[in-house]
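>>> Starting from these lines, generate the structure:
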Amino acid sequence: MNGGKTSKCLVTPLSGLIATEPCEDVGAPVESGWIDVTPTRDIHTGWFGVSALIVGDEVRVEPLDVVVQLDADVALLDAAGCDAMSEMIERKDIRRALRGVDLLRTLSDTEIEALTLEISPMFVGAGETIIAAGDRLGGADDAFYIIHRGEFAVHDREHREIIRLHRGEHFGERSLLSSVRDFSADCTCRATETSYVFTIKRAAFERHMGPLRDHLDRHDAWLKELEAAKGIEIGDLMLLPTLGVGTFGRVRLVEHRSTGKAFALKSMSKSRIAKYRQQSHVRDECLLMRQISHPFCARLIKTYKDDVKVHMLLEATLGGELFRYLDTQPGGKFPEDWCRFYAACVVLALEHMHSQGIVYRDLKPENLLLDPDGYIKVVDYGFAKKVSKEKTYTVCGTPDYIAPEIISRRGHDRAVDLWALGVLIYEMVTGLPPFSDEDTPDKQIYDNITNLRYQTPRGATVSCNSLIKVLLVKTPSKRLGCGRAGLLELKRHAWFGGLDWKALIRKEIPAPVVPVLEHDKDTSNYEKYVERDDPEPAMAAGTSDEWADVF
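Predicted coordinates for the structure are as follows:
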């Protein structure tokens, strides 16, 4: 092999010794820069020529000569083999990315495989506009865009920002769903940073995306609702009864005066947030909720702030806490088929959050509300955190639901949510958490968790006990759902056998309990609170509220 040649090959020694050394043309320009090669030989015992497998970019020429030190046998992958392997790597990357897109959750493995063949990857530069308000749409060139890396901002015709879209989210589907041909775009979609997207043209979309039209219609309706809500000011809201009270403030039902639409307004005291040093958690909650868009997750609509408080306008969920329904059942437990339904809703919500790199960290019945159809809404993202490949070490959560790696402070990731899912299923099936009863002190709970001291639920099916057992595993990497297949392996467990996940996400399965609601502002499913607005103290001298810049 002579350095500086453009031919591709990938080589590994089988026997003997081979080495690379600088070619004679050291210092020759390569692409936009110069390569400085130290004039020494490197003995190779593994693969080299790996530049031949760069995907989505030009092959970089290695300015090296290969010299046989002793008689050597090598395995060589030629140019055609490199091209085939590059395509295989790229398709695997696309397949993995598509599996992480919430929109495509209901597609089978076969449908995903077929869709990968239709995908065209594309780099988008920072500031580049993909769709501009006023563009003519409805033709064959329209495309559906899925974000694999980066961020896009969506603005209306008046240049007001509506939402920011991130990995796994999508845009462009409205033009493909519309029966109207030749119309103009309402919004502008512009990359805020260098991004990588997967594109699907109209013809391919119509071949493969038919089963997802209901989901897309809901997503489209949600974006329209967000767009309409951007004009709502806090003074336009009429305060109604309190839905819940917390450390930093309260959540109240509110009504938009001009439309009569109900929302939930979460108001938190800046001084109390600072007192308990929770600025970063509250800030993260706001930022992360802007990334979450799923039928089983509470959604953030708009934020406000004043001198003493920050406010989050949320969609109203008036069915009440799952804990309330659990507590009123005989024995404080649900029939197993109810448990399966609610657990499956939670699995889909976690699947969406994990696809966004978000660890929830506060799963418990009190944070699961029922919507008017009886389906789950996950609420309260105060402990949620964006976690990439690195672990996080914050100790947080509810004692009964904390995973052993949080207690030991070894660092944790999304696996803690799967531990909490096992605890949730156990509590729904038995009426009590696995590691405590009503009088167990926290220290004993932590000791029980660390030593995996719990009783196998009596009366539960074999498959239910099996699922609990593979979720309540002390080693995070060995928990079901923490392998390469992610939550897909959890969804394939026997306990969920026969469950139609596609019907569940479309809300076509009758819920076990449908909340009684007299009207769209009925708060009877919540505890009654004394209605008062205590004067909030001003921020302490020297205390900064810069953390509130995201509100």
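>>> Could you report the pLDDT at G125?
pLDDT, G125: 93.
>>> distance of it from S477?
G125 is 38 Å from S477, where distance means Cβ to Cβ, to the nearest Å. Yep, even glycine has a C-beta here, placed from its N, CA and C like the rest.
>>> which SS state does S544 fall under?
On the three-state scheme (DSSP: H, G, I helix; E, B strand; the rest coil), S544 is labelled coil.
>>> For it, give me phi and psi.
phi -90, psi 150 (degrees, to the nearest 10).
>>> Please apply the same query to G497.
When read as degrees, to the nearest 10, the backbone of G497 gives phi -60, psi 130.
>>> If we ignore the residues flanking it in sequence, what's nearest it?
Among residues not flanking G497 along the chain, S463 sits closest, at 7.4 Å (Cβ to Cβ, 6 or more residues apart in numbering).
>>> The host helix or strand of that neighbour packs against which elements?
Per DSSP states H and E, S463 falls inside helix 462-471. Packing contacts for helix 462-471, counted by 3 or more Cβ pairs under 8 Å, 6 or more residues apart in numbering; DSSP states H and E, involve helix 415-430.
>>> what stretches of this protein score poorly on pLDDT?
Across the chain, the ranges flagged by pLDDT under 70 are 1-72, 74-79, 81-86, 100-111, 138, 177-181, 208-220, 534.
>>> Could you break it into its assigned domains?
The record's domain parsing of the chain by automatic domain parsing lists 10-77, 102-215, 234-317+529-550, 323-505.
>>> As a markdown table, the ones you listed with distance to A228 would be great.
Formatted as a markdown table, the domains of the chain follow (distance: least, Cβ to Cβ, whole Å):
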| stretch | distance to A228 |
| --- | --- |
| domain 10-77 | 39 |
| domain 102-215 | 10 |
| domain 234-317+529-550 | 8 |
| domain 323-505 | 20 |
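>>> Could you find the closest non-adjacent residue to V308?
Counting by Cβ to Cβ, 6+ apart, the residue nearest V308 is E536, at 4.0 Å.
>>> With I234 instead?
Y304 (4.5 Å).
>>> tell me which element that neighbour is part of?
strand 300-305.
>>> Name the strands paired with the helix or strand just after that strand and say parallel or antiparallel.
Reading on from strand 300-305 to the C-terminus, the next helix or strand found by DSSP H and E is strand 309-315. When pairing is defined by DSSP bridges, strand 309-315 lines up against strand 262-269 (antiparallel), strand 300-305 (antiparallel).
>>> packing partners for the very next helix or strand once past strand 309-315?
Downstream of strand 309-315, the first helix or strand assigned by DSSP H and E is helix 322-328. Here helix 322-328 touches strand 368-370, going by 3+ Cβ pairs under 8 Å, 6+ apart.
>>> Show me what the strand it packs on is in contact with.
Applying Cβ atoms under 8 Å, 6 or more residues apart in numbering, the contact partners of strand 368-370 are 298, 317, 319-323, 325, 342, 346, 376-379, 511, 513, 515, 525.
>>> That strand: which residues count as buried?
368-370 (16 or more other Cβ atoms under 10 Å).
>>> cool, and stretch 461-475?
By neighbour count on 16+ other Cβ under 10 Å, the buried set for stretch 461-475 is 464-465, 467-468, 470-473.
>>> can you check stretch 120-131 too?
Neighbour count says stretch 120-131 has 124, 130-131 buried, by 16+ other Cβ under 10 Å.
>>> How about stretch 392-401?
For stretch 392-401, burial by neighbour count (16+ other Cβ under 10 Å) applies to 392, 396-401.
>>> next one: stretch 505-513
505-507, 509, 511-513.
>>> Helices of the stretch 201-350 of the chain, start to end?
For the stretch 201-350 of the chain, the helices defined by DSSP state H, counting those that start in this stretch occupy 202-208, 213-229, 270-275, 279-289, 322-328, 336-355.
>>> could you say what helices and strands the helix or strand following the last one packs with?
This means helix 336-355. Using DSSP H and E, the helix or strand that directly follows helix 336-355 along the chain is strand 358-359. Judged by 3+ Cβ pairs under 8 Å, 6+ apart, strand 358-359 is in contact with strand 385-386.
>>> Name the residues of the very next helix or strand once past the strand it packs on that come out as buried.
Going down the chain from strand 385-386, the next helix or strand is helix 404-407, by DSSP H and E. Residues of helix 404-407 classed as buried: 404-407 (neighbour count, 16+ other Cβ under 10 Å).
>>> Name the nearest of the residues you listed relative to H519.
I406 (42.1 Å; Cβ to Cβ).
>>> Might you report the residue contacts of the closest one?
395-397, 412, 416.
>>> Go through those residues and name the one nearest C286.
Nearest to C286 among these, with distances taken as Cβ to Cβ, is C396, at 17.0 Å.
>>> With adjacent residues omitted, what lies nearest to that closest one?
That would be F383: by Cβ to Cβ, 6+ apart, it lies 4.8 Å from C396.
>>> Just to check, that neighbour is in contact with I358?
No - here F383 does not reach I358: they are 10.8 Å apart, not a contact under Cβ atoms under 8 Å.
>>> So which of those two has more stuff around it?
Using other Cβ atoms under 10 Å, the more surrounded residue of F383 and I358 is I358, with 23 against 18.
>>> Was I right to think that one contacts V378?
No - I358 is not in contact with V378 according to Cβ under 8 Å; the separation is 11.1 Å.
>>> now A97, nearest residue through space, not along the chain?
H148 (4.9 Å).
>>> Give me the secondary structure label for that neighbour.
Here H148 is recorded as strand under three-state DSSP.
>>> Settle this for me: it is touching T199, isn't it.
No - using Cβ under 8 Å, H148 is not in contact with T199, being 10.6 Å away.
>>> that older thread, taking helix 279-289 as reference, get the angle to the strand holding Y304.
140 degrees (axes from the mean of the first three to the mean of the last three Cα atoms, to 10 degrees).
>>> Residues touching strand 300-305, excluding its own?
Contact with strand 300-305 is made by 225-226, 229-230, 232-234, 263, 286, 289-290, 292, 310-315, 548, 550-551, as judged by Cβ under 8 Å, 6+ apart.
>>> Return a ChimeraX selection command for the buried portion of those residues.
ChimeraX command restricting the contacts of strand 300-305 to the buried ones, with burial defined by 16+ other Cβ under 10 Å:
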select :226,229,232,234,263,286,289,292,310,311,312,313,314,315,548,551
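>>> sorry, back to before: which of the buried residues of stretch 120-131 fall within strands?
124, 130-131 (DSSP state E).
>>> Sort out which one of those residues lies nearest F435 for me.
The closest of those to F435 turns out to be V124 (Cβ to Cβ; 48.4 Å).
>>> Is that closest one bridged to anything, and to what?
S195.
>>> and E527, how many residues sit next to it?
Using other Cβ under 10 Å, E527 has 12 other residues around it.
>>> Kindly report the same for Y526.
Number of residues near Y526 (other Cβ under 10 Å) recorded here: 19.
>>> Distance check, it against L300.
Distance check for Y526 against L300: by Cβ to Cβ, it reads 20 Å.
>>> I'd say H155 and D186 touch.
No - in this structure, H155 is not within contact of D186 by Cβ under 8 Å, at 10.2 Å.
>>> Need the overlap of contacts for the two.
Shared contacts of H155 and D186 (Cβ under 8 Å, 6+ apart): A133.
>>> mind listing the strands in the stretch 101-250 of the chain by residue range?
120-124, 129-131, 136-137, 143-149, 152-155, 161-165, 170-171, 183-184, 188-191, 195-201, 237-245, 249-256 (DSSP state E, counting those that start in this stretch).
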